[in-house]
Structure formats: C-alpha cells, structure tokens
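Chemist: Sequence below, structure please.
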Amino acid sequence: MHDNDLTPDTDSVDALVESWRRADPSLDVSTVGIVSRLGRIRAHLESSMNEVLAEHGLTAGDFAALSILRRAGEDGAPMSRLADGLALTGGTVTTRVRRLVGAGFAHVARSTADARVHRVVLTELGRERFDAAAPAHLENQRRQLKALDPTEQAQLAVLLRRLLASLEHDHLD
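Modeler: Numbering: from 1, shown residues only. Just a heads-up that it's a prediction; the model follows:
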C-alpha cells in the first residue's frame, strides 16, 4: 500500500505500517498505528486551530492563557496558576504574560492578600478577544471531529482520558 492507494477507510499510517511489515515482518509495529495517528491528528488539529485563532489576532498560546484568565474571574490568576495550567516554567510564563500585557489583553497586579504574589488580570480587550474567538474555536473543534458520531466521540474521550491519566500518573512517580 502506498499513500496514493488510500481509500475512504484507510489513511497514510496504514501505508506506513504496511511498509514496515514488508520491510521487517519480525517487528511488532502495532503501536506505530496508534502513536503515528495521534501525532498526525494533533498536527491537523493544531493547524486548523492556529488558522481560526489567527483570524482573531491570537496564537494558541495566547488563547490558552486567556482561557485560564477568563475562568479565573475578576481577580485574575496568580502567575503560578498560569504556569501550572499552561505546563510552562516560571520564566516562560513570564514571557507569555509580557506578550499578553503588550497586546493589551491583560495586566499584572499585586495581590491584595499577599504583596509578594503577582496576579494576571484579564483586561476588557482580553475578555472581548477571548469571547469572540471561543465560539469559532469550539465550532472548529466540532468540524474536526465530524467523522465521529456523538457516541464514538464519547468512547474516544473515555479511551484518551484513560491513556492520559496513565501517562500523567506515571510522570508523577
């Protein structure tokens, strides 16, 4: 099978797996089908998401940070919550916050409870930008998942949750 031999029920990974089976039948390449598909699906999803967010003047990183701030409410979020929520180091989240501040999407304020804590607070422009982009982003996700009916989407969510939880728990050990 070659990439140009694809049918509606096959994909580019089928060709990859088949070529490995021909090249070295002793290799168990069954996991390649799963991991390669996850990577290729992620690439498609990210490309599409980046296009939608760019229409709103946002990057994926901006959107993720604005999402945390939007959910945090009027008082904003401490830098540490952004770092945890974005899985970024302190230095990297500082750079991300500077970008948001520079764009007028957020400002940094000292916590009233503890002056050592800096809180990142969404500005009105940041809220407006997020609120405009979020529906388009969610609709894009629905379009990307259209090949699966709602039952299949729920099944996939269960399987992916199990896999991710396992990986996250292994990472903590």
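Chemist: other SSEs contacting whichever strand or helix holds residue 34?
Modeler: With secondary structure defined by DSSP states H and E, residue 34 is part of helix 30-54. Counting contacts by 3 or more Cβ pairs under 8 Å, 6 or more residues apart in numbering; DSSP states H and E, helix 30-54 is packed against helix 12-23, helix 60-72, helix 124-144. The C-beta positions use only the backbone N, C-alpha and C, and glycine is treated the same way.
Chemist: Can you list the neighbours in contact with the longest one?
Modeler: If I follow you right, that is helix 124-144. Residues outside helix 124-144 that contact it (Cβ atoms under 8 Å, 6 or more residues apart in numbering): 44-45, 48-49, 52-53, 55-58, 63, 66-67, 69-70, 100, 104-106, 122.
Chemist: For this structure, give me the ranges with low pLDDT.
Modeler: 1-8, 171-173 (pLDDT under 70).
Chemist: if we can go back for a sec, looking at the helices and strands packed on helix 30-54, which one is packed in the most?
Modeler: Among the helices and strands packed on helix 30-54, ranked by average contacts under mean count of other Cβ atoms under 10 Å, first place goes to helix 60-72 (a mean of 19).
Chemist: What are the contacting residues of the following helix or strand past it?
Modeler: Where DSSP H and E defines the elements, the next helix or strand beyond helix 60-72 is strand 77-78. Residues from elsewhere that reach strand 77-78 (Cβ under 8 Å, 6+ apart): 68, 69, 85, 111, 117, 118, 119, 120.
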